[in-house]
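**Student:** Got a sequence here, can you build the structure:
(2 chains)
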Amino acid sequence: MSLSKLLERIAQLVPVLLGVSVIAFTMMALTPGDPVQIMIGDQAITAEQEAQLRHDMGLDRPMVERFFIFLGNATHFDFGESFYHKRPVADVIAERMPATIELSLVALVVALATAIPLGVLAAIKKNSIFDRIATVGSLLGVSLPGFWFGILLLMLFAVHLHLLPVSGRIGFDSEVPNVTGFLLIDTLVAGNMKAFGDAVAHLILPAITLGLPMTAILMRVTRTSMLEVLRQDYVTFADAKGLSRRRVLFRHALKNALIPTVSVAAIETGSLLGGNMIVETVYGWPGLGRLVVESIFLRNYPLVQAAVLFYAVTYVLLNFVADLLYTVLNPRVKL
Amino acid sequence: MKDALLEVRDLRTVFETRAGRVCAVDGVSVAVRRGECLGIVGESGSGKSVTFASVMGLVKAPGRIESGTIVFDGRDLRGLSPRQMRAVRGRDMAMTMQDALTALNPALSVGEQIAEVLEAHDETLPTRGAARRAAIRKASVEMLGLVGIPSAETRLRQYPHEFSGGMRQRIMIAIALACRPKLLIADEPTTALDVTIQAQVLELISDIRKEFGMSVALITHDLGVVAEHCDRVMVMYAGQVVEEGLTAEVIGAPKHPYTQGLLASIPRPALRGEPIHPIEGQVPDLIDLEPQCRFYSRCSQRRERCLAPIEMRAIGPAHNARCILAGEEET
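**Tutor:** Numbers count the residues shown, from 1 in each chain, chains lettered A, B, ... in the order given. Presented below is the predicted three-dimensional model:
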């Protein structure tokens, strides 16, 4: 891809981010509830103290002025201070990011690794018992609400069977030095295999809960597009060439069938960000999703605004990655 | 038949559909001799493509071969396992399809699509490593050169959409011929092409046939193509062979009313201004057919005797037709 196209893509981000900023700011500012009152709680303080607090938090200025201050600062990546952490919002978010990225990536990998083979198999064995079970299963997978399914898994595997931990990313006895923030990597860097195993055990249930709806959707997409591709002349022609069944299915059919799967996967990865809020809350996962949920309840304006902007950027980037993958799978597409 | 490369006897291929059993190929016998070009003519739905898909072992569910024998180069193909059949396909018999645009995989480079056939079948290649890759590359470039693709070396990296329609057709032919098969089944090789390119592609197939000493089964609905390129011709209608013989005999003196109708429906420059005569009506539904002559409803010369089953009859030493009138004096 040419440099000018890349710059064009980056330029497209500007109006998106501007729009998202306006929405994020106004939604938060118009939400009932006063951050100052929430922070005070039932502590007895004087009116002067309250006014001082409001001034410190910058909430004594008119809304429009506050918006432009926010926007101006955001242009050089200053998102203000979190009301609660009393630290820059960017730092707080950066601290929580690795946990969320790690969980999302594992969920994505699990989803792709199960959905694609299952989808292909269902397509090859169309109308077989396996296909029917997979189709019904995927319908269930899409329909199960994450918070309910997550709690169900917790009850079974953690509470009753004691096979897996209940919450958190790692046990207290397995702490390792923080290098990357990704525990799967940090534990390996520390050479602590027991801690690595512990981190994996903590990941299993959240990753399944987060990845299940995605697995279900991707399986259906893969099955449908595989069925479509298997009817194409080029598959018949590949058969006529006497190629092995494996080569016909995976090299000729699957490479084409994956094109819709990739685009849906990109959109669905974006929705993992939303799913994270629920799953992280259910499993006490110390990531960005839970931070945002807490911050919304506390009317922690700066943090929520920054997080929404961050989600928007991630979404745009994911679509960009999907476009790049397209060109790999489909040589007719040029960026 | 003597010196037959392919001999098919009483082939029946059926498709189980919701509406009923469709007998797409009903008792077809056909032979292709070594080195000859056999034309197979008929309207869409006459069973010509399914006959040869059956020969290639490419009939997909819900279709299946119900009965018949297919002997190719001395081997009974119906007795082969899928693996053995894959070894025959692409190596000893190859196929080209109607439209190269859909037959070539859009996501794979042309080089890869040629190389994989050699990879699968060519036992003369070095077994591994750089030598093998180089040999495959050399053979691919040779094949593309043979079918007339200029600067083949650089074009191996390109994808099908980067070629013109005629070039794509040539590439498909190169792929089919990569292992120098004994039989090429060319299914409507020119239907998707411009008229000027059609002649070039047919010339190419003819030239290579002579060079390789290969047999060709040319499936087409264009009798002009048959007249020019085929030694013998077989006319199919509604899943049956209705007439077969030397091209000159069948086209010069067609005996079956259907063949006569096909010839009459070709527009000719010499008869400009005269109306052309299409065959009225349509190919019958192939579900639950009556035993009568299948062309009965469209035949201009039908009589009561045609309501009984009609067998193929010999009219000349190498000329057969499935019609009670064939060989009789016109009345």
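
**Student:** make it CA atoms for all contacts and neighbour counts henceforth
**Tutor:** Noted.

**Student:** so what does the lengthiest helix in chain A touch, helix or strand wise?
**Tutor:** For chain A, the helix with the greatest residue count under DSSP state H is helix A:193-230. If you count contacts as 3 or more C-alpha pairs under 8 Å, 6 or more residues apart in numbering or on different chains; DSSP states H and E, helix A:193-230 packs onto helix A:89-124, helix A:129-143, helix A:146-153, helix A:183-189, helix A:255-282.

**Student:** So for that helix, mean pLDDT?
**Tutor:** For helix A:193-230, the mean per-residue pLDDT is 91.

**Student:** if we can go back for a sec, could I get the helices and strands packed on helix A:193-230 as TSV with mean neighbour count and mean pLDDT?
**Tutor:** TSV is the format used below for the helices and strands packed on helix A:193-230 (neighbours: other C-alpha atoms under 10 Å in any protein chain shown; pLDDT from 0 to 100):
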stretch	mean neighbour count	mean pLDDT
helix A:89-124	20	91
helix A:129-143	15	87
helix A:146-153	18	85
helix A:183-189	19	82
helix A:255-282	21	85
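
**Student:** CSV for the ones you listed, including distance to chain B?
**Tutor:** Shown next, in CSV, are the helices and strands packed on helix A:193-230 (distance: least, C-alpha to the nearest C-alpha, whole Å):
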stretch, distance to chain B
helix A:89-124, 12
helix A:129-143, 17
helix A:146-153, 37
helix A:183-189, 36
helix A:255-282, 7
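
**Student:** and residue B:273, which of those is closest to it?
**Tutor:** Comparing these against residue B:273 with C-alpha to C-alpha, the closest turns out to be helix A:255-282 (50.0 Å).

**Student:** Give the buried residues for the next helix or strand after that closest one.
**Tutor:** Once helix A:255-282 ends, the next helix or strand along the chain (criterion: DSSP states H and E) is helix A:288-297. Of the residues in helix A:288-297, A:288, A:289, A:290, A:291, A:292, A:293, A:295, A:296 count as buried by neighbour count, 16 or more other C-alpha atoms under 10 Å in any protein chain shown.

**Student:** Tell me the helix or strand right after the host helix or strand of residue B:116.
**Tutor:** Element membership for residue B:116, per DSSP H and E: helix B:110-121. Elements were assigned by DSSP H and E; along the chain past helix B:110-121, the next helix or strand is helix B:129-146.

**Student:** Would you confirm that residue B:318 contacts residue B:246?
**Tutor:** Yes. If you go by C-alpha atoms under 8 Å, residue B:318 and residue B:246 touch, sitting 6.8 Å apart.

**Student:** So between these two, which is more surrounded?
**Tutor:** Higher neighbour count among residue B:318 and residue B:246: residue B:246, with 19 against 11, using other C-alpha atoms under 10 Å in any protein chain shown.

**Student:** What distance do you get for that one to chain A?
**Tutor:** Going from residue B:246 to chain A by C-alpha to the nearest C-alpha, to the nearest Å gives 29 Å.

**Student:** Please name the nearest non-neighbouring residue to that residue.
**Tutor:** residue B:232 (4.2 Å; C-alpha to C-alpha, 6 or more residues apart in numbering or on different chains).

**Student:** Quick check: the one you found touching residue B:33?
**Tutor:** No. Counting by C-alpha under 8 Å, residue B:232 does not reach residue B:33; the two are 9.9 Å apart.

**Student:** in the sheet, who's paired with residue B:186?
**Tutor:** Going by DSSP bridges, residue B:186 is paired in beta bridges with residue B:96, residue B:218.

**Student:** tell me the contacts of it?
**Tutor:** Residue B:186 sits next to B:95, B:96, B:97, B:216, B:217, B:218, B:219 when contact means C-alpha atoms under 8 Å, 6 or more residues apart in numbering or on different chains.

**Student:** 10 Å instead?
**Tutor:** B:39, B:49, B:52, B:94-98, B:173, B:176, B:205, B:216-220 (C-alpha atoms under 10 Å, 6 or more residues apart in numbering or on different chains).
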